[in-house]
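[1] return a 3D structure for these sequence lines:
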Amino acid sequence: MGHGNSKSSSSSDESSGGGVGGSKSPSKAEKIKKKLHLHRHHFRRHSRHGATAADDPKKLREEDFAGIALLRLITAEMKFKDKWLACVTLGEQTFRTHVTDQTDKPTWNSEKKLLLEKNGAHIARISVFETNRLSKNNLVGYCEIDLLEFLTQDSESDIGEFDLFDPSSKAEVVGNISLSCSIEDPMETEKNFARRILSIVDYNEDGNLSFNEFSDLVDAFGNHLASKKKEELFRAADQNGDGVVSIDELAFLLAVQQNKEPLINCCPVCGEILEVSDKLNSMIHLTLCFDEGTGNQVMTGGFLTDKQAANGWMFKLTEWAHFSSYDIGLRSGSSASHILVFDRRKKRLVEELIDSKIVLSMRAIYQSKVGLGIMDQGAKEILQSMSEKQGKKMDSVESAKDIPKFAEFFKDQINMDDAKYPLEHFKTFNEFFIRELKPGARPIAHREHDDVAVCAADCRLMAFKTVDDSLRFWIKGRKFSIQGLLGNEACSSAFIEGTLVIFRLAPQDYHRFHSPVSGRIEKFVNIPGCLYTVNPIAVNSKYCNVFTENKRVVCIISTEDFGKVAFVAIGATMVGSITFSKKPDDYVQKGEELGYFSFGGSTVICVFEKDKIKIDEDLLENSERSLETLVSVGMQLGISIKKHSNVGLPNMEKLVV
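    Purely as a prediction, here's the structure:
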């Protein structure tokens, strides 16, 4: 993966670059550029939410800029001695500290600069791992900190102490961590950047620069306009005329000049061309691209989640050998070893938990012609029989003993505080699986506005304006079509080019589904079929067509604001049944329960008629990256195009429920 070390060597080999066969030695400007490149950290180019300006082509508007925070993990106190590693996750980026010596009071003094957006990711997750393991590091404690709230608190100190919670029991404190977080004025940020750049050519390290040293640096930028002004700028700083200027004095003038008429129009670290007119994004880029110089250890970047950052040598070996990979979006091949989804509420990536043996078996079946060939030779019937038997078993009293083990395995992803009853209340596994939630546990966005559609389930969501988009970014089955999904009885011409929303429920999710819209139920259509898994590994297979071959029930809802909406509940492997709690001609309010799935993962697909709904932009953007969005029942899904064009609703795209 090439994540690199957090501290790069700052020395430049004067003799390097000479090569062989008479190649000339590099120029002084080339040596300066090389020295600057030694400070470059390794970032992932695909990152969007929370990505640095250096990586992200998306430009930030001034009204969205909240500042650049310097977060420093100082020390921690744990209950036992070990070698410790800490990770910081914000948005789609994760950074890690170095590993400490054996101790119960680890000290890191590791820092990282983080871009904060007013409507972007601002809740940082701090994870602490014990690393005294051969192949796997163990998560011991974590905390979550709202950086915007921390930065605006009424306190004289920028240092805070936070409890670390046991991931298996949020009520148990396993230690505490001390950290600091501060934010600089943009001018101060530019001055600090200029200081660090100028220090590169301070050859004798006395804190002063001669005109020749300063000239070498400006020449290295390759800015000819700047070259003409360098003498004028240097003389302005050299007030006593001795030909030497302190780095601090020159840094101040450089920062002022950068605001007036920038000297730097090309990043000296990564080489990216900067838009001279876009001062904000240029400042962000330069600051985050070159973030060393404070004397503390800089955290290593290039990771997507804390679990990836803390992976031991075994996973790194499989990556190196190309047996597995860790990336955004599920690849159709067999190398994708993890499923990452974007948590809409916390605005960060999370890893979906799946037993590794199950993942391997699913790939063997769904990602190969041989596997699907076996399915066609009678395995479908076996799968059907297994699912029916498993469904009956989950209704037995004996199945209750599996509830604690299941809850323990998914301890990070099942919040029993939301459940109507505690674990010991359930007499069978299926009772637990279709558990109800406490009233109000899932707020419904704009409940009084029927022209705002909401999410139908606690799930991983994909949304596409058209079926063609879904085939391009997600569904790889060769035969998928709206008509194949809905069947002749439920399909109409208005659905053919309509908007498609896929709600995928994992086994650990709350398994009751709710209506995304308000309207009257016209009819239910039962369509028999197989029980393939609805895991993305199967959905992304070009050898089978999960959604059009699986058992499903189509519910047509007639609405005033969205026309007709097709609500499709799809069965899957180990799903005992699909149960609807409404009948034809019933009126259903958006957010109201429609039914539930019994044991197993399952999926709901909603098809809206063409040009009836405007899906929220963040959901569409993630889907275009083949990235599922983790949502909850009642979160906003989109607004009616009809009402939006006629009445004009306020902008709700950035609504956070």
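[2] drop to CA atoms for contacts and neighbour counts, all remaining ones
    Noted.
[3] just the helices in the stretch 151-300 of the chain please.
    With DSSP state H, counting those that start in this stretch, the ranges of helices along the stretch 151-300 of the chain come out as 186-199, 211-221, 224-237, 247-260, 279-289.
[4] what stretches of the stretch 551-657 of the chain score poorly on pLDDT?
    Within the stretch 551-657 of the chain, the ranges that satisfy pLDDT under 70 run 573-576, 600-601, 643-657.
[5] out of the helices of the stretch 151-300 of the chain, which is closest to Ala76?
    Closest approach to Ala76 among these (C-alpha to C-alpha): helix 279-289, 26.3 Å.
[6] and the residue nearest the centre of the protein?
    Leu349 (2.7 Å; C-alpha atoms, centre = their mean).
[7] figure out the helix or strand that that residue lives in.
    In this assignment (DSSP states H and E), Leu349 forms part of strand 348-352.
[8] got it, and Ile444?
    If you go by DSSP H and E, Ile444 is not part of any helix or strand.
[9] quick one: it and Pro516, what's the gap?
    10 Å (C-alpha to C-alpha, to the nearest Å).
[10] please say which of these two ends up with more neighbours.
    A direct count of neighbours by other C-alpha atoms under 10 Å for Ile444 and Pro516 places Pro516 higher, at 31 against 21.
[11] wait, that one touches Arg447, no?
    No. Applying C-alpha atoms under 8 Å as the test, Pro516 and Arg447 come out as separate, 11.0 Å apart.
[12] ok so, going back, now tabulate the helices of the stretch 151-300 of the chain in JSON lines and tack on mean neighbour count, distance to Pro422 and mean pLDDT.
    Listed next are the helices of the stretch 151-300 of the chain as JSON lines, based on neighbours: other C-alpha atoms under 10 Å; distance: least, C-alpha to C-alpha, whole Å; pLDDT from 0 to 100:
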{"stretch": "helix 186-199", "mean neighbour count": "20", "distance to Pro422": "51", "mean pLDDT": "74"}
{"stretch": "helix 211-221", "mean neighbour count": "18", "distance to Pro422": "64", "mean pLDDT": "74"}
{"stretch": "helix 224-237", "mean neighbour count": "16", "distance to Pro422": "69", "mean pLDDT": "72"}
{"stretch": "helix 247-260", "mean neighbour count": "19", "distance to Pro422": "59", "mean pLDDT": "75"}
{"stretch": "helix 279-289", "mean neighbour count": "21", "distance to Pro422": "47", "mean pLDDT": "79"}
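[13] take those and lay them out in CSV including distance to Lys583.
    Conversion of these to CSV gives the following (distance: least, C-alpha to C-alpha, whole Å):
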stretch, distance to Lys583
helix 186-199, 60
helix 211-221, 71
helix 224-237, 74
helix 247-260, 66
helix 279-289, 55
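[14] which of those sits closest to Leu637?
    Across the helices of the stretch 151-300 of the chain, Leu637 has its closest neighbour in helix 279-289 (30.6 Å, C-alpha to C-alpha).
[15] next secondary structure element downstream of the least confident helix or strand in the chain by mean pLDDT?
    Every helix and strand of the chain was ranked by mean pLDDT, DSSP states H and E. The lowest is helix 313-320, at a mean of 46. Helices and strands here follow DSSP H and E; after helix 313-320, the next one along the chain is strand 339-343.
[16] give the partner strands of that next one in its sheet and their orientations.
    Sheet pairing here is set by DSSP bridges, and for strand 339-343 it gives strand 348-352 (antiparallel), strand 628-631 (parallel).
[17] using TSV, lay out those together with distance to Ile145.
    Converted to TSV, the strands paired with strand 339-343 look like this (distance: least, C-alpha to C-alpha, whole Å):
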stretch	distance to Ile145
strand 348-352	13
strand 628-631	20
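[18] tell me which of those sits most buried.
    For those, the stretch with the most neighbours on average is strand 628-631, a mean of 27; neighbours defined as mean count of other C-alpha atoms under 10 Å.
[19] overlap of the contact sets of Pro516 and Arg447?
    Applying C-alpha atoms under 8 Å, 6 or more residues apart in numbering, one finds that Pro516 and Arg447 are jointly contacted by Lys590.
[20] residues in contact with the closest residue to Gly634 other than its chain neighbours?
    Computed as C-alpha to C-alpha, 6 or more residues apart in numbering, the closest residue to Gly634 that is not its neighbour in sequence is Ile444, at 4.1 Å. Neighbour list for Ile444: Val454, Gly591, Val633, Gly634, Met635, Gln636 [criterion: C-alpha under 8 Å, 6+ apart].
[21] next, give phi and psi for Ile444.
    Recorded main-chain torsions at Ile444 are phi -100, psi 120, according to degrees, to the nearest 10.
[22] give me the distance between it and Asp586.
    Distance check for Ile444 against Asp586: by C-alpha to C-alpha, it reads 20 Å.
[23] could the contacts of Ile444 go into JSON lines alongside secondary structure, distance to Pro404 and neighbour count?
    Converted to JSON lines, the contacts of Ile444 look like this (DSSP: H, G, I helix; E, B strand; the rest coil; distance: C-alpha to C-alpha, whole Å; neighbours: other C-alpha atoms under 10 Å):
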{"residue": "Val454", "secondary structure": "strand", "distance to Pro404": "32", "neighbour count": "26"}
{"residue": "Gly591", "secondary structure": "coil", "distance to Pro404": "30", "neighbour count": "25"}
{"residue": "Val633", "secondary structure": "coil", "distance to Pro404": "25", "neighbour count": "26"}
{"residue": "Gly634", "secondary structure": "coil", "distance to Pro404": "28", "neighbour count": "26"}
{"residue": "Met635", "secondary structure": "coil", "distance to Pro404": "29", "neighbour count": "25"}
{"residue": "Gln636", "secondary structure": "strand", "distance to Pro404": "33", "neighbour count": "25"}
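[24] okay then, goodbye and thanks.
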